[in-house]
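# okay, structure incoming, though there's no sequence with it:
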């Protein structure tokens, strides 16, 4: 396994966040409604992890270090795990596992449907993230995993629908997402390696 310490470090950091939040909820330091805070933090954590996952390939092109892509799959699976925890926390703390309330919630909060669509997309990517699926799907695998940007759009819409009144934080995440999408555009993606090679050549001459 390449970059073992880097992989383990990423694993530990991403694992600690939800454990810390659960501990804070247990210690009753998350305010009067710790369940809702936990749901919100897990959802935001999933969005951040999706942005970080999508930034790995551009960072590799910009720096030339293969370690970024070495943790991309792990980060993607952690993003899915956070979404699962987000969904489970919603069912436990908001619904109280009272499924009769789900229809009422969907009518009152249609952004839940948007979040559910994003979850289904992430489920498809998580299930097909293994090498067997890559070989089996061939060229279709890359097309399928480009859905990550659609899922990001759904996640941002889900968050926008929730925050509405305070858009400062949302604008930051949306701007990062727009930048990552721009870096994926073929003219930009082709230009980055040439720019980096030119910069490296200039540095050697200096």
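That came through fine. Note that the structure is a prediction, hence the values are computed from the model and not measured.
# identify each buried residue in the longest helix belonging to the chain, please.
Using DSSP state H, we find that the single longest helix of the chain is helix 34-63. By neighbour count with 16 or more other Cβ atoms under 10 Å, helix 34-63 contains the buried residues 34, 37-47, 49-61. C-beta here means a position set from N, CA and C on the backbone, and glycine is covered the same way.
# for that helix, give the mean pLDDT please.
Average pLDDT, helix 34-63: 93.
# quick check: next helix or strand after that helix?
Next along the chain after helix 34-63, taking DSSP states H and E as the criterion, comes helix 67-70.
# and that following helix, what other elements does it pack with?
helix 4-26, helix 34-63 (3 or more Cβ pairs under 8 Å, 6 or more residues apart in numbering; DSSP states H and E).
# got CSV for those helices, with distance to residue 176 too?
As requested, these are arranged in CSV below (distance: least, Cβ to Cβ, whole Å):
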stretch, distance to residue 176
helix 4-26, 18
helix 34-63, 5
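# which elements pack onto the longest helix of the chain?
Counting contacts by 3+ Cβ pairs under 8 Å, 6+ apart, helix 34-63 is packed against helix 4-26, helix 67-70, helix 72-89, helix 147-163, helix 168-184, helix 186-205.
# give me the distance from stretch 167-181 to the chain's centre.
13 Å (Cα atoms, centre = their mean, to the nearest Å).
# identify the residues contacting whichever strand or helix holds residue 136?
Element membership for residue 136, per DSSP H and E: helix 131-137. Contacts of helix 131-137 with the rest of the structure, by Cβ atoms under 8 Å, 6 or more residues apart in numbering, involve 127, 128, 141, 144.
# out of the residues you listed, which comes closest to residue 93?
residue 127 (27.0 Å; Cβ to Cβ).
# tell me how far that closest one lies from residue 80.
The gap separating residue 127 from residue 80 is 9 Å, by Cβ to Cβ, to the nearest Å.
# ok, residue 22 next?
Residue 22 sits 18 Å away from residue 80, taking Cβ to Cβ as the criterion.
# related to what we said a few turns ago, CSV for the helices and strands packed on helix 34-63, including mean pLDDT?
Below are the helices and strands packed on helix 34-63 laid out as CSV (pLDDT from 0 to 100):
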stretch, mean pLDDT
helix 4-26, 92
helix 67-70, 93
helix 72-89, 95
helix 147-163, 93
helix 168-184, 92
helix 186-205, 59
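# neighbour-wise, which of residue 22 and residue 80 wins?
Using other Cβ atoms under 10 Å as the criterion, residue 22 and residue 80 rank with residue 80 on top: 21 against 15.
# contacting residues around the more buried one?
With contact taken as Cβ under 8 Å, 6+ apart, residue 80 is in contact with 122, 123, 125, 126.
# please check the residues you listed and keep the buried ones.
122, 125, 126.
# what sits against residue 128?
Residue 128 touches 134, 137, 141, 144, 145, counting by Cβ under 8 Å, 6+ apart.
# please tell me how far the most centrally placed residue in the chain sits from residue 68.
With distances taken as Cα atoms, centre = their mean, the residue of the chain nearest its centroid is residue 50 (1.5 Å). Distance, residue 50 to residue 68, by Cβ to Cβ: 15 Å.
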